[in-house]
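J.: 3D, please:
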Amino acid sequence: MPEPDDPYAEAARVLSMLHSSWMAQALRVAAELGIADLLVDGPRGVADLAEATGSHRPSLLRLLRALVTIGVCHEPEPATFAVTPTGRQLAGDVEGSVRAWTIYWGRYLWDEWAQLPHSITTGRSGREVVSGSAHFDALDGDPERASVFNAAMADMTRLSTRAIATGYDFARFARIVDVGGGYGELVAALLTAHPSTTGVLFDLPHAIAAARPNLEKAGVADRCELVAGSFFDAIPTGADAYLLKSVLHDWDDQDCHRILTVCRTALTGSARLLVIERLLPTPMRPDETHRALARSDLMMLVAHAAQERTEAHFRRLITGADLQVGSVTELPGGLSVIEAVRPGQGDSAPERR
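T.: Numbering: from 1, shown residues only. All right, here's what the predicted structure looks like:
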């Protein structure tokens with residue numbers, strides 16, 4: 001029989017996982033104060049940083065030294081700080097920035113995670129307990145939260161656009177509709193990669209109202225139409241491809257059926273519906289990739305009473321909406337593209353590539 005593990009060492013592992021939660025709030029405060037933005041041009045002293053951020057100097061010094069321990073800053077001279085390559089990603093205007101997501105996680109998702117016991121015992125979202133509203137309803141009455149949320153979604157989408165644009169053949173589509181596309185990070189990347197393609201960005205008004213500057217910055221605003229609306233009601237017609245990127249995991253099976261049915265109605269001819277999601281593996285393993293999936297799955301539960309899904313589960317949802325799965329393409333970075341068509345419009349044989 002194998003020797004039993006050292007119980008004290010295992011207790012230390014548990015405490016290490018438990019106590020790591022402080023890092024999320026330290027990162028959130030650093031992002032909200034704009035510490036990385038203030039340090040991108042070079043080191044600055046704590047007194048200067050305290051004045052620039054309106055902070056209590058001794059307390060800010062403690063935060064900065066805590067950030068040193070997790071590799072966000074370093075202290076080249078006493079009480080003088082510089083940002084590390086990792087810490088630069090908390091700046092607002094750098095490639096790969098996750099500043100908005102860090103703020104959203106620490107400011108809004110934090111209290112919802114505390115409701116995980118409620119979600120586990122009831123199957124309902126913790127968001128309903130915290131804010132009294134479900135899904136994204138709170139964004140309509142809270143412009144600041146809506147702004148942070150949409151910027152956070154842009155942060156996360158930006159990290160995967162290269163893999164999506166290069167890992168799947170979008171060149172065959174003349175017109176693409178990004179359904180629930182937020183500020184347009186994905187459709188902008190696709191239109192940049194394919195100059196002859198036009199696009200439609202479709203989302204709720206709070207996202208569409210602020211999307212144009214992003215499209216203009218990418219140089220594709222003249223090729224992308226902005227349309228506000230709900231994918232529970234109707235989506236624009238006349239496109240060759242419809243994207244649902246990280247949409248279905250926000251909704252339970254019943255709502256997913258409604259969304260997919262609306263999308264099916266919009267499909268004409270050989271148009272494709274492209275469901276872009278992470279596919280939940282079974283069984284799970286104790287490694288970083290599976291931990292990220294488990295974290296996302298539980299986050300969908302506490303935020304939306306929704307879930308990440310296996311490929312088989314997605315296939316059931318898609319075929320249940322009278323659509324036909326044509327292929328499943330695995331992308332670098334963990335996402336997959338599930339291609340669906342109206343019955344009789346594509347190859348019925350499931351394909352993986």
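J.: quick one: low-confidence parts of the stretch 251-353 of the chain?
T.: 346-353 (pLDDT under 70).
J.: Break down it into its helices, ranges please.
T.: Taking DSSP state H, counting those that start in this stretch, the helices of the stretch 251-353 of the chain run over residues 253-266, 288-304, 311-320.
J.: For residue 158, which of those is the nearest?
T.: In terms of Cβ to Cβ, the element of the helices of the stretch 251-353 of the chain nearest to residue 158 is helix 288-304, at 17.1 Å. All C-beta spots, glycine's among them, are computed from the backbone N, C-alpha and C.
J.: Check the offset of that closest one from the chain's centre.
T.: 12 Å (Cα atoms, centre = their mean, to the nearest Å).
J.: in the helix or strand of the chain with the lowest mean pLDDT, what counts as buried?
T.: Taking mean pLDDT, DSSP states H and E as the measure, helix 137-140 is the helix or strand of the chain with the lowest mean score, a mean of 81. Buried residues in helix 137-140, defined by neighbour count with 16 or more other Cβ atoms under 10 Å: 138, 139.
J.: Other residues contacting that helix?
T.: 127, 131, 145, 146, 149, 204, 206 (Cβ atoms under 8 Å, 6 or more residues apart in numbering).
J.: helix, strand or coil for the residue nearest to the spatial centre of the chain?
T.: For the chain, residue 156 is the residue whose C-alpha lies nearest the centre (Cα atoms, centre = their mean; 4.2 Å). Secondary structure, DSSP: H, G, I helix; E, B strand; the rest coil: residue 156 is helix.
J.: So it versus residue 13, what's the distance?
T.: Distance, residue 156 to residue 13, by Cβ to Cβ, to the nearest Å: 29 Å.
J.: cool, and residue 187?
T.: From residue 187 to residue 13 the distance is 43 Å (Cβ to Cβ).
J.: related to what we said a few turns ago, are any of the contacts of helix 137-140 buried, and which?
T.: Applying 16+ other Cβ under 10 Å to these flags 127, 131, 145, 146, 149, 204, 206 as buried.
J.: Residue 342 and residue 22: what is the separation?
T.: 51 Å.
J.: For residue 47, list the residues it contacts.
T.: 57, 79.
J.: still on that earlier bit, of the contacts of helix 137-140, which is the nearest to residue 233?
T.: Nearest to residue 233 among these, with distances taken as Cβ to Cβ, is residue 204, at 11.0 Å.
J.: thought that closest one was touching residue 227?
T.: No. Proximity of residue 204 to residue 227 does not meet the contact threshold set by Cβ atoms under 8 Å, at 10.8 Å.
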